[in-house]
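Visitor: Predicted model follows, preceded by the sequence.
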Amino acid sequence: AQKVTQAQTEISVVEKEDVTLDCVYETRDTTYYLFWYKQPPSGELVFLIRRNSFDEQNEISGRYSWNFQKSTSSFNFTITASQVVDSAVYFCALMGGGADGLTFGKGTHLIIQP
Amino acid sequence: GAGVSQSPSNKVTEKGKDVELRCDPISGHTALYWYRQSLGQGLEFLIYFQGNSAPDKSGLPSDRFSAERTGGSVSTLTIQRTQQEDSAVYLCASSSVGYYNEQFFGPGTRLTVL
């Protein structure tokens, strides 16, 4: 069985602070993909990144960066110089080898205060 | 349209009635997914279509739930004899060829069973 754990249910920071959202996963598959999605107050899930299990290189996209560490089964997401528009619920998700769709974590509600 | 569309956006029904939810995937996307989002259960995978066939229907919560996809495009999720615990937001996503590709989500159908 697959599992994704996002231990932080809610994080509140002041604008311009850096913030890291944690994600820990469990799977027995050797090939799998990890994802991050953003769900703003409007409700629609927005794709942010996909990472496969064979590529542990960190990735940076503007103010966003992701740290994938297979040794600790973690795929953490950092927002640098946070902005109010970053306020949303962020979901980490895993897709393994079966036709099971995405397994989502419970999400982290990120609040950026002006 | 450019994105995944779902209809209706909101549905209020009485317990025991049947409902049909519709999903129009992004043109050309061969894979289609249904998920359910509720406060208690978070985001749950329901079913996946590759073309018109669904390899595994075990994610459907009960035998009151069924889904079909015709012409490799539109999909309908049918819930028979609705119960109050069926109240949730039902999300549809599609992705291009390749099971691990990123999924693009629609805005969802909010179902309320009275």
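Guide: Thanks, I have the structure now. No experiment lies behind these values; they were computed from the predicted model shown.
Visitor: What's the per-residue pLDDT of the closest residue to chain A within chain B here?
Guide: The minimum distance from chain B to chain A, using CB to the nearest CB, falls at residue B:45 (3.4 Å). Any C-beta I mention is one placed from the backbone N, CA and C, and that applies to glycine too. Looking at residue B:45, its pLDDT reads 94.
Visitor: So what's the residue count around the closest residue to it other than its chain neighbours?
Guide: Nearest residue to residue B:45 in three dimensions, chain neighbours excluded: residue A:101, at 3.4 Å (CB to CB, 6 or more residues apart in numbering or on different chains). Residues lying near residue A:101 (other CB atoms under 10 Å in any protein chain shown) number 24.
Visitor: could you list every residue that touches residue A:101?
Guide: Contacts of residue A:101 were listed using CB atoms under 8 Å, 6 or more residues apart in numbering or on different chains, and they are A:95, B:33, B:35, B:45-48, B:59.
Visitor: how close does it sit to residue B:91?
Guide: The gap separating residue A:101 from residue B:91 is 11 Å, by CB to CB, to the nearest Å.
Visitor: same thing with residue A:30?
Guide: 29 Å.
Visitor: Next: residue A:86.
Guide: Taking CB to CB, one finds residue A:86 at 22 Å from residue B:91.
Visitor: Could you check which of these two is surrounded by more residues?
Guide: Relative neighbour count places residue B:91 above the other of residue A:86 and residue B:91, with 26 against 19, counting by other CB under 10 Å.
Visitor: list the contacts for the more buried one?
Guide: For residue B:91, the contacting residues are A:45, B:6, B:34-37, B:43, B:105-106, B:108, by CB under 8 Å, 6+ apart.
Visitor: Pull up the distance across stretch A:15-26, start to finish.
Guide: Terminal residues of stretch A:15-26 lie 33 Å apart, using CA to CA, to the nearest Å.
Visitor: can you check stretch A:90-106 too?
Guide: 9 Å.
Visitor: Could you tell me which residues of chain A lie near chain B?
Guide: Counting by CB under 8 Å from any CB of the partner chain, chain A comes close to chain B at A:33, A:35, A:37, A:43-47, A:50, A:52, A:91, A:93, A:95, A:98-107.
Visitor: Which residue does chain A have closest to chain B?
Guide: Taking CB to the nearest CB, chain A has residue A:101 as its residue nearest chain B, at 3.4 Å.
Visitor: do you know how far that residue is from residue A:84?
Guide: Following CB to CB, the distance that separates residue A:101 from residue A:84 is 32 Å.
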